[in-house]
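[1] What follows is a predicted structure for the sequence shown.
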Amino acid sequence: MAKKIVVDPLTRIEGHLRIEAVVENGVIKDAWSSSTMWRGIEQILQGRDPRELWYWTQRFCGVCTTVHSIASVRAVEDALDIVPPLNAELIRNIIIGIQAVQDHVIHFYHLHALDWVDITSALEADPAKTAALAKGVSKKYAVDVLGNRPYAKNSEQYFETIKQRVAAFVGTKRLGPFANAYWGHKAYKLPAEANLMAVAHYLEALDWQREVIKIHALLGSKNPHPQTFLVGGMAIPIDTNSQNAINADMLAHIKELLVSAKNFVEQVYVPDLLAVASFYKEWGSYGGGDGAFDFISFGDFPTTTGARFHDRGLWLKPGRVTVADFPTLHEVKAEDITEYVTHSWYSYKDGDDKGLNPLSGETTQNYTGPSPGEGKYDYLDTDGKYSWVKAPRYLDRPAEVGPLARCLVAYANGQPEYKAVVDLVLGDLNIPATALFSTLGRTAARGIETLIYAAKNLEWLDMLIANIKTGDIRIHAGEKWDPSTWPKEARGVGFHEAPRGTLSHWVNIRDTKIANFQAVVPSTWNASPRDAKKQRGPYESALIGTPIADAEKPIEILRTIHSYDPCLACAVHLLDEEGNEVSRVKVL
């Protein structure tokens, strides 16, 4: 008998996301992804100065601030043919590189790990056995595989202290974000000691992430919402004799923080990831979409002046791969992107059955969903419009973006850093390459990428220092700063491989003002609804075929959706007028 279940709101994400799924004989047969919030910032930007575009777009989100800044700056630079100096490119690389490292670690421990780790089981753990497990995991991965030191906090006393902290927290009966989880679910597989180890590192990661992101405060003046981005370069000077500029002391401090980030990734995060993954290898068969969508990346991290998203000179190469012919690599072009609104709460003036390239994009709301005045509702009209997310397509095909897409494209490109680490992970887990196309592969790819980025950040810092030593302290290309030097009309696109995936900002400039702006964010790709051809979006396709052990507690849905690290805006819990939480799983 088929059951339709609803998860709304899906928590431990950024934004408002609703999942409806049909479960038959314990397996998901169909699914729909809906974002239930609209903001319309694209319209707010019309008529503004393009040079301040980055400042507004970073307010899209309180988490993804850096990524929107860089995409907007690049869009305007592309439109006006502005080439930033090498120093500016390298500083940007460091800012967005450490953002990705911090973001991926936070995602694993604080957003995704609780789908695999049962905190309540940690109270049953033996601290001595936990210490032995932690030392074994650390030696196997941090020392023997990655050539780092063992993590210092691996003693029995340390884990006893953590266990007492968890017990005291549970004893308060004020569990906050942990109150509504599926603790004790039979889908949890980790032994108690592994759960205690993971909980300890969950807490450690909270302190660690606060420290390493100080790099943003040093190079960007603050976090979130760094303030030193600038069309044409950066707004932080290089002056070895000034305390208010990039100098030797600042560069040395940044290096210390980058080394700290790399050590935590190699000593804690990657070992934990591989240890947890070894208990859930069957998830290498779920969540891949069975070829229903492709995987794309537009490349990033320029290490020379003048590199753009289509440039093969970028460190992270662009490309597209498909399940059918992997590892064959296909090129990507901005003009091959379209967005549909057939099943989205928008309308196009020439009809909703046609896709538009974002440079000609429209954002006109056309809400046809449940009226807020009607109160609670059972299901969305999924035959019609059912989401505030548009449906981007590449060559009219759905596409996944993010760490897995980048990992697959880099592997197909033959990038040595990626190939070496991918082969290492597949070998350690003893799983085939096809397992990459899965929930497990998506989660592993985020760790693979973090490991690589943590090392590359130090390389980019060394490149910056070496360039400064040549006497080059140029930080901004100001030749076209004055709007009087601009053409009457200009169009540009800025791509950035954000932690969650390919982000693109598209700008039309007319008479020195923004005439039109569109943003296609990673979760627009991944969380998209059906298109005019009724092709499902990646979330929707990835859920099909997933077994559900308990339809009342569909933790399996969380595992796959969280593996994408959704970001749809600032998350809230919805309350009715009596203060009761609307969040629920509904079974029919």
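    Looks like it came in fine. Worth saying up front: this structure is predicted, and the values here are computed from it rather than measured.
[2] Under a three-state scheme, what state does the closest residue to Arg308 other than its chain neighbours occupy?
    Nearest non-adjacent residue to Arg308, counting by C-beta to C-beta, 6 or more residues apart in numbering: Asp78, 6.6 Å away. Glycine gets a C-beta too; all of them are placed from N, C-alpha and C. Counting by DSSP: H, G, I helix; E, B strand; the rest coil, the backbone at Asp78 sits in helix.
[3] Spit out the contact partners of Asp78.
    Going by C-beta atoms under 8 Å, 6 or more residues apart in numbering, Asp78 touches Arg308, Gly492, Val493, Gly494.
[4] tell me the pLDDT at the residue nearest to His562 when sequence neighbours are not counted?
    Of all residues not flanking His562 in the chain, His112 sits nearest, at 4.6 Å (C-beta to C-beta, 6+ apart). Reported pLDDT at His112 in the predicted model: 94.
[5] Quickly note the distance from His112 to Ala490.
    Using C-beta to C-beta, to the nearest Å, His112 is found at 41 Å from Ala490.
[6] Need phi/psi at the most centrally placed residue in the chain.
    Taking C-alpha atoms, centre = their mean, the centroid of the chain lies closest to Arg500, which sits 1.9 Å from it. Torsion angles at Arg500 (phi, psi; degrees, to the nearest 10) stand at phi -90, psi -10.
[7] List the residues that contact it.
    Shown in contact with Arg500 (C-beta under 8 Å, 6+ apart): Cys64, Asp103, Val401, Gly402, Val521, Pro522, Ser523, Asn526, Tyr564, Asp565, Pro566, Cys567.
[8] hmm, back to that, okay, His112 and Ala490: which has more neighbours?
    His112 (25 against 18; other C-beta atoms under 10 Å).
[9] Please report phi then psi for the more buried one.
    According to degrees, to the nearest 10, His112 has phi -110, psi -30.
[10] That one reaches Thr443, doesn't it?
    Yes: His112 is in contact with Thr443 according to C-beta atoms under 8 Å; the separation is 6.8 Å.
[11] Quickly list what's touching both of these two.
    With C-beta under 8 Å, 6+ apart as the test, His112 and Thr443 both reach Ser563.
[12] What score does the residue nearest to the centre of the chain have for pLDDT?
    Per the predicted model, pLDDT is 95 at Arg500.
[13] same question, Arg39
    65.
[14] Could you do the one 3 residues further on as well?
    Looking at Glu42, its pLDDT reads 77.
[15] wait, isn't it in contact with Val520?
    No: contact criterion C-beta under 8 Å: Glu42 and Val520 do not qualify, at 10.7 Å.
[16] So those two - more neighbours on which side?
    For Glu42 versus Val520, the count of surrounding residues by other C-beta under 10 Å is larger for Val520: 21 against 18.
[17] quick one: contacts for the more buried one?
    Applying C-beta under 8 Å, 6+ apart, the residues contacting Val520 are Ile337, Glu339, Pro358, Lys390, Pro392, Thr502, Leu503, Ser504, Trp506.
[18] Now it: closest residue in space that isn't a chain neighbour?
    Ser504 (4.8 Å).
[19] May I have the secondary structure class of the one you found?
    Quick answer, by three-state DSSP: Ser504 is strand.
[20] So it is in contact with Val493, correct?
    Yes: counting by C-beta under 8 Å, Ser504 touches Val493, with 5.8 Å between them.
[21] joint contacts of the two?
    Ala334, Pro358.
[22] ok, of the contacts of Asp78, which one's closest to Val421?
    Arg308 (26.9 Å; C-beta to C-beta).
[23] Asn223 is in contact with Ile95, correct?
    No: under the criterion of C-beta under 8 Å, Ile95 makes no contact with Asn223, lying 9.6 Å away.
[24] if you count what's nearby, which of these two comes out ahead?
    Neighbour tally, Ile95 and Asn223, criterion other C-beta under 10 Å: the higher count belongs to Ile95, 24 against 20.
[25] Now do the same contact list for the more buried one.
    Here Ile95 is in contact with Thr66, Ile70, Ile215, His216, Leu219, Gly220, Pro226 (criterion: C-beta under 8 Å, 6+ apart).
[26] could you redo the last one with a cut-off of 6 Å?
    Neighbouring residues of Ile95 by C-beta atoms under 6 Å, 6 or more residues apart in numbering: Leu219.
[27] and the gap between Asn526 and Trp116?
    Taking C-beta to C-beta, one finds Asn526 at 20 Å from Trp116.
[28] Looking at these two now, which is surrounded by more residues?
    Ranked by neighbour count (other C-beta under 10 Å), Asn526 and Trp116 place Asn526 first, with 30 against 23.
[29] doesn't Ser541 make contact with that one?
    No: at 10.4 Å, Asn526 does not count as touching Ser541 under the criterion of C-beta atoms under 6 Å.
[30] Tell me where the model's unsure across this protein.
    The chain contains residues with pLDDT under 70 at 39-40, 309-312, 373-375, 569-588.
[31] Recalculate using a threshold of 80.
    Along the chain, segments meeting pLDDT under 80 span 1, 11-15, 37-43, 61-65, 175-180, 307-313, 372-377, 568-588.
[32] and Glu52, how many neighbours?
    Applying other C-beta under 10 Å, we find 14 residues neighbouring Glu52.
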